[in-house]
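A.B. asks: Next come a sequence and a model predicted from it.
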Amino acid sequence: MRNRRITTYTSERDSLATSMGKVWEYKSLIWVFAKRDLQVKYAQTYLGFSWSVFKPLLALSIYVFFGYFLNWSSGDMPYALYVLTGLLGWNLFSYIISNGVSAVHESTDLIKKIYFPKSILPFSKTVVGLFESAISLIVLIPLLLYYQVLISWKIIFIPLVLIFNIACGLAISFLAASISITKRDLLQVLPYLVSMAIWLTPVFLSASIFPAEFRFIFDYNPIANVIDLWRWMIFDEVEFKSMWILSFILTLGFMVFSFYLYTVRENKFADSI
Amino acid sequence: MTEDIAISVSNLSKNYSLRSSNILENKKVTNDFTALNNVSFDIRKGESVAIIGANGSGKSTLLKILAGVTKPTSGIIKLNGSIASILDVGAGFHPELSGRENIFVNAQLLGFSKKEIEPKVDEIIEFSGIGNFINEPVKNYSNGMFLRLAFSIVVHLEFDIYLFDEVLGVGDAEFRYLTSRKLNQLKNDKLKTIIYVSHEVSSIVNVCDKFLELNSGSMISYGKAEIIKNYIKKSSKRVLKDFPNGKATITECDFFMQEGFRINAVRVFAKEDSIKENREFNIQLEADRVVAKELDFSFGIEDLTGKILFGCSTLFLPESKNLSTNKLLINFTIPAFTLTSGNYILNLTAIIDMTVIKLQFQKILCFTIESNVLESNPLLISRPNYPFFNK
């Protein structure tokens, strides 16, 4: 980095603390990458940033159409709102996974030519994901007005829920990215795994329609918990489960663990990709 | 590490493990490949050093390690100061972003904040000569425009150590001139250290103070005179015993035999003790005629890039046609101020009977012209800075 006076390179690996320190040191680069991604994404499109509004709306209308058609239960909550709140959590999660993993492979040029801690790549994709989520929240407001649902005071917990949500995504993103460096097969299957995993969460269906012996999937699944938490924040009728706190802590631990695995393999990135 | 050392490398080694797996045969072979083998050197602040060597000698690996892109297998590298770790200009460019946006992204990638870059943006755009295209996406740029923009970003940002990997000599003649001037400015700043990597000595020989030569991962030499000597040796077809050091005042080569004649000595000398810009100097050749045939010799003076600057020949002199003498002494006087200070190579062509070429552009020896004593002469200082690299 530019401001450091004496830089030393040896064969030794960075410790977990050093790796975390480097992410902090290069935090401005996280914004640079994120901003670049956003600029690129809407460059040469007529509607520009409004695509971020249209896309969730389009997806939502398809899900809602099928939901009503098949008469999927969503308790007392209007189905459109039920799906949208579920999608808020799910989209952020799947965005971080799929883009965090591919970011490493997209940036081959950069990784081979310029030094920066590779661990900031999934973080910068997270920032982009957060931006998209914020726009989806804007879509939520007219729907809330339409159904005359009063948003719960619990919305103040949104930072914690977001951290939980991001931790789920990053934990898998770091793990998958570090594996995908040498095992490219993962890149092929990952999109399918992610799109299948949505059925292990209550995005479209509430856990109650499943037989009791399968409900544990929804109870012990951190991302399912995150989606429940989103609904808990917005609707008064969802009850809080103390298990969610434990799940939150375990997910954070898992994220640190996969971050560590990633930084261990990070040194090999420039040589292997 | 003392204050005046910019880069210190000790016992640096780098191994790559090459895994060639064949799914069909279900075999896995792991080979270790040593890209760098126990390399140690120090580079002082303000030095320009070229890392040279054939393809696969480890030059780029060394630069990658210095840039921090890849880790060494063993050894310690210490860098004192900020590093422009650019192994390739334009590496951080995104094709969809405009030139202006890319300036910011690229500079931030190199560790500059937005505020630091803003005052320099106009200068960068001006230098790149891209004009109105600056607001167009970079993907619409020509190759030359892309490189020019990328290069101007790098040279306009302040670093202590610059690493360039075969990036010189891009663009057209005008831009090459601009870059060389800019690099000279960097070089004249006594605190800036520049490292070039090239497989072609000729393009950088005039820019660098020192040369670090690698051969299959090991450092074979580090210095200046050594490399120039080796370079001439390699490019000359005939292996002469040893080229005299370029610093010598009178330079001569050993005699050698050719069919029909025998060269006893070739000298480059000045009447005074050293060859200087402002003095005339002589090129002299002593030879014996072995067969009674017409014998002509031509000299060419090359710069270190191998470009022939001028020549002189006996072909058009009547004396050489005189077959009666068997001892030949040929002398050419080169007027003062013909050549500027620097290293030059003398080549020799020998022709028998005006038709049979016995020697052709044979690099014979290397000599140095020292700069004028009148260093403070304002005329010399304002001398234009000609482009110093040729491809």
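C.D. replies: Here it is on my side, so go on.
A.B. asks: What is the distance between the helix or strand where residue A:231 lies and the centre of its chain?
C.D. replies: Using DSSP states H and E, residue A:231 maps to helix A:222-234. With C-alpha atoms, centre = their mean, to the nearest Å as the basis, helix A:222-234 stands 13 Å off its chain's centre.
A.B. asks: and the angle from the following helix or strand past it to helix A:222-234?
C.D. replies: Next along the chain after helix A:222-234, taking DSSP H and E as the criterion, comes helix A:243-272. Here helix A:243-272 runs at an angle of 130 degrees relative to helix A:222-234 (axes from the mean of the first three to the mean of the last three C-alpha atoms, to 10 degrees).
A.B. asks: Give me the helices and strands touching the helix holding residue A:231, please.
C.D. replies: helix A:79-106, helix A:158-180, helix A:216-219, helix A:243-272 (3 or more C-beta pairs under 8 Å, 6 or more residues apart in numbering or on different chains; DSSP states H and E). C-beta coordinates here come from the backbone N, C-alpha and C atoms, glycine included.
A.B. asks: can you give me the angle that helix makes with helix A:79-106?
C.D. replies: Using the same axes, to 10 degrees: helix A:222-234 against helix A:79-106 is 130 degrees.
A.B. asks: what's the angle between helix A:222-234 and helix A:158-180?
C.D. replies: Using the same axes, to 10 degrees: helix A:222-234 against helix A:158-180 is 160 degrees.
A.B. asks: In terms of mean pLDDT, which of the helices and strands packed on helix A:222-234 ranks lowest?
C.D. replies: Across the helices and strands packed on helix A:222-234, the stretch with the lowest average pLDDT is helix A:216-219; it has a mean of 78.
A.B. asks: helices or strands up against it?
C.D. replies: Against helix A:216-219 (3+ C-beta pairs under 8 Å, 6+ apart) you get helix A:222-234.
A.B. asks: Just the CA coordinates for the helix it packs on, please, in CSV.
C.D. replies: What follows is helix A:222-234, C-alpha atoms only, in CSV (Å, rounded to 0.1, in the frame of the first residue of the first chain):
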residue,chain,number,x,y,z
PRO,A,222,-29.7,-20.0,9.3
ILE,A,223,-30.9,-18.6,6.0
ALA,A,224,-34.4,-19.8,6.8
ASN,A,225,-34.0,-18.0,10.1
VAL,A,226,-33.0,-14.8,8.4
ILE,A,227,-36.0,-14.9,6.2
ASP,A,228,-38.2,-15.4,9.3
LEU,A,229,-36.4,-12.5,10.9
TRP,A,230,-37.3,-10.2,8.0
ARG,A,231,-40.9,-11.1,8.4
TRP,A,232,-40.6,-10.8,12.1
MET,A,233,-39.4,-7.2,11.7
ILE,A,234,-42.2,-6.2,9.4
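A.B. asks: Chain A contacts on chain B?
C.D. replies: For chain B, the residues in contact with chain A (C-beta under 8 Å from any C-beta of the partner chain) are B:1, B:16, B:64-65, B:67-83, B:85-88, B:91-92, B:94, B:96-97, B:101, B:105, B:108-113, B:137, B:159.
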